[in-house]
Structure formats: C-alpha cells, structure tokens
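Give me coordinates for this.
(one chain, ligands or ions: 2)
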Amino acid sequence: ATPTSIMAGSGRAAELGILFKGGEHLEAAQGIEVVVLDKTGTVTSGKPVLTDVIPAPLMTQQSLLRTAAAVERKSEHPLAEAIVAGALERSKALPLPEAKDFENLPGYGVSARVDGRPVLVGTRKLMEERGIRIDPAIHPMRLLEDAGKTAMLVAVDGKYAGMVAVADTIKGTSREAVSRLHQLGIEVIMVTGDNERTAKAIADQAGIRRVLAEVLPEAKADEVKKLQQAGKRVAMVGDGINDAPALATADIGMAIGTGTDVAMEAADVTLMRGDLNGIADAILMSRRTMGNIK
Ligand code: ADP
Ligand code: MG
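Ligands and ions are numbered 1, 2, ... in the order given. Below you'll find the model as predicted:
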C-alpha cells in the first residue's frame with residue numbers, strides 16, 4: 001500500500017469511529033487470526049445491576065446488603081458500584097455504616113471491618129483461602145451463574161453470611177459482531193476474571209465458543225503471549241485498566257472508546273463506539289487498503 005492509500009484508509013476508518021494510532025496498525029490489522037475479547041465492558045455493557053440478595057439463615061436481606069455495600073463503597077470496581085447503587089435504591093439498607101481497614105484484593109474481592117466486624121466480599125476462591133465454609137451457597141450460586149450473573153459471597157466474622165448477585169447484559173451488537181469475525185475466518189476467545197459458569201453463559205449469548213475464565217488481572221497478557229507463541233497473530237480488545245498490559249502485548253490492541261484512558265493509551269486502535277462491529281470493520285478496512293480485497 002502507498003502512503004496515500006494508507007492515509008485514505010485511515011480517514012475512512014475514522015469516519016466509522018475507528019482511530020488507528022499509526023499507518024502500521026492499519027497495515028497489520030489484515031493479518032489478525034485470533035481476537036481476544038475482555039468480558040466486562042467489552043462484550044457486555046459493563047453496567048452491572050444488583051439482582052439478588054440472598055442472606056444465610058439468621059441474617060436479614062437488609063443487614064446483608066447494608067454490610068456488603070458499606071465495604072463496596074470503598075471500591076471502584078463496576079461490581080462494587082452495582083452493589084452500592086442497589087443498596088441506595090433499596091433504601092431500607094440505609095444509612096451505610098463506615099467501613100474501616102479497607103483492602104482491595106484484585107481478582108478476588110474486597111475486605112474491611114464494618115461495625116468492628118471483619119467482612120469479606122468476593123469469589124469462592126477468596127472464601128476458600130480464608131477458611132470460610134460455603135456449602136449452603138454452592139447450589140444457589142450455580143443457578144445464578146448459569147443465568148450469566150456474577151454471584152459474590154459475603155462473610156462476616158469468619159462465617160458465611162449470604163450472597164449478592166449482579167447481572168451485566170451483553171451489548172445488543174455483540175452477537176452480530178462475533179458472527180462477522182467468524183465469517184472472516186477469525187477465532188474469537190473471551191477472557192475474564194469472572195468464574196467459568198458465568199463466563200460460559202455470557203459467551204453463549206454472544207456466540208463465542210472459547211472462554212478463558214478466572215484469569216487474574218495480571219495474567220491476561222500471558223494468555224495473549226501463549227497464543228502468539230502458538231504462532232497466532234492476536235488482537236486484544238478491552239476497556240479496563242486491567243486490560244492495558246494485554247492490549248500492549250497483542251499484535252494489535254483495540255480499546256473501547258467508552259472505557260478507561262489507560263486502555264486507550266496502551267492500545268494501537270480505539271473503537272470510538274462501544275460496538276464490537278468496529279473490529280471486523282477495522283480488519284476489512286485493512287484488507288481493502290492493503291489491496292487484498294476490492
Ligand atoms: P473482570 O475481568 O470480569 O473485570 P476481575 O478480575 O476484576 O473481573 O474480578 C474477578 C472476580 O473477582 C469478579 O467476578 C468478582 O467475583 C470478584 N471481585 C472483584 N472485585 C470485586 C469487588 N469489588 N467486590 C466483590 N467481588 C469482586
Ligand atoms: Mg472490562
């Protein structure tokens with residue numbers, strides 16, 4: 001391709017809301033064989049909503065939600081925001097007590113003290129590591145996860161106290177966007193820190209066949225590296241601070257324009273619209289510019 005055709009291609013891409021940081025990325029996009037999609041905020045809207053509050057026996061819904069929300073008020077995670085917003089709506093949970101000694105446990109959850117008692121909110125792995133028995137939670141948790149919800153367990157004073165669940169639905173355009181990538185002969189993989197069941201349920205809804213679940217924030221880049229070592233040219237698509245190392249590692253990093261600045265800085269391309277159709281558009285624009293299709 002000539003410098004002129006690359007400029008013209010970049011201009012046409014920009015009209016579609018696809019911003020390439022340089023001509024070399026427009027040239028490289030045609031060679032992508034695997035697209036790795038982050039789940040939350042990329043495949044899904046990233047605006048989870050509190051759907052279920054299930055207290056353990058002897059606990060009330062009100063005190064469970066109030067305790068969990070008090071801790072989550074100190075976290076900036078989208079899951080945390082959903083729990084706090086849900087508590088504010090159900091005003092019986094108010095006012096929230098002040099949490100002390102807050103700790104963020106990336107990929108696992110959060111911990112703090114509420115009314116002087118230690119509280120944990122997070123994954124089953126977190127509870128297992130802290131020696132908390134969660135037998136009564138297992139069955140209801142599976143049901144929530146099979147519906148594509150993220151269930152978070154709550155422990156108070158070292159004992160299981162209940163669970164809260166949030167639902168984050170796929171974007172209306174995700175299924176079509178994945179199908180277009182499949183039609184272009186590209187493999188699509190979803191990567192997430194969320195658990196296997198929830199991830200599979202969401203992937204099914206989006207038509208994604210391969211899922212890497214329970215990937216810790218810092219391990220997303222390693223998954224990209226593994227695919228590259230297997231000889232694949234990989235595009236990573238994400239919106240979060242967590243995604244930045246993987247965006248920088250991939251042959252092409254694509255950030256969602258509605259996501260974080262950190263992701264956009266690490267990426268080679270920004271998809272200004274949240275719509276994942278921008279991925280196929282970018283690849284087609286590259287193929288056209290490079291003269292591989294008319
Ligand atoms: P994702 O890749 O989906 O953004 P993360 O790696 O941030 O996921 O988190 C993985 C899992 O850890 C979440 O699905 C949730 O179960 C748990 N988790 C993370 N942050 C929190 C939080 N603030 N409160 C409760 N659980 C959390
Ligand atoms: Mg995300």
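
So this structure: which segments form each domain?
What the record gives for the chain is the domain set 3-45+170-289, 49-167, from automatic domain parsing.

CA atoms only for whichever strand or helix holds Ile54, dumped as PDB, please.
Following DSSP states H and E, one finds Ile54 within strand 49-55. Provided in PDB are the C-alpha atoms of strand 49-55 (Å, rounded to 0.1, in the frame of the first residue of the first chain):
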ATOM      1  CA  VAL A  49     -27.100  -4.200  38.100                       C
ATOM      2  CA  LEU A  50     -27.800  -5.700  41.500                       C
ATOM      3  CA  THR A  51     -30.400  -8.500  41.000                       C
ATOM      4  CA  ASP A  52     -30.300 -10.900  44.000                       C
ATOM      5  CA  VAL A  53     -29.600 -10.500  47.800                       C
ATOM      6  CA  ILE A  54     -29.700 -14.000  49.400                       C
ATOM      7  CA  PRO A  55     -29.000 -14.000  53.100                       C
END
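
all helices of the stretch 151-294 of the chain, in order?
Secondary structure of the stretch 151-294 of the chain, counting by DSSP state H, counting those that start in this stretch: helices at 174-183, 196-206, 220-229, 244-249, 261-266, 277-289.

Pull out the buried positions in the strand holding Ile54.
Residues 50-55 are the ones in strand 49-55 that count as buried (16 or more other Cβ atoms under 10 Å). In this view, the C-beta of every residue, glycine as well, is placed from N, C-alpha and C.

cool, stretch 61-69 as well?
Buried residues in stretch 61-69, counting neighbours by 16+ other Cβ under 10 Å, are found at 61, 63-69.

Ok, stretch 21-28 next?
For stretch 21-28, the neighbour count (16+ other Cβ under 10 Å) marks 23, 25-28 as buried.

Any chance you could list what contacts the next helix or strand after the strand holding Ile54?
As assigned by DSSP H and E, the chain's next helix or strand after strand 49-55 is helix 61-72. Residues from elsewhere that reach helix 61-72, judged by Cβ atoms under 8 Å, 6 or more residues apart in numbering: 53-56, 79-81, 83-84, 86-88, 90, 92-94, 96-99, 102, 110-112, 114, 119, 121, 152, 154, 156, 161-162, 164.

buried subset of these?
Among these, the ones that count as buried by 16+ other Cβ under 10 Å are 53-56, 79-81, 83-84, 86-87, 90, 93, 96, 99, 102, 110-112, 114, 119, 121, 152, 154, 156, 161-162, 164.

Flag the shaky bits of the stretch 151-294 of the chain, pLDDT-wise.
Applying pLDDT under 70 to the stretch 151-294 of the chain flags residues 292-294.

Which positions in it make contact with ligand 2?
Residues of the stretch 151-294 of the chain that fall close to ligand 2, judged by Cβ under 5 Å from the ion: 239-240.

Where does the stretch 151-294 of the chain get nearest to ligand 2, residue-wise?
For the stretch 151-294 of the chain and ligand 2, the shortest gap (Cβ to the ion) falls at Gly240, measuring 3.8 Å.
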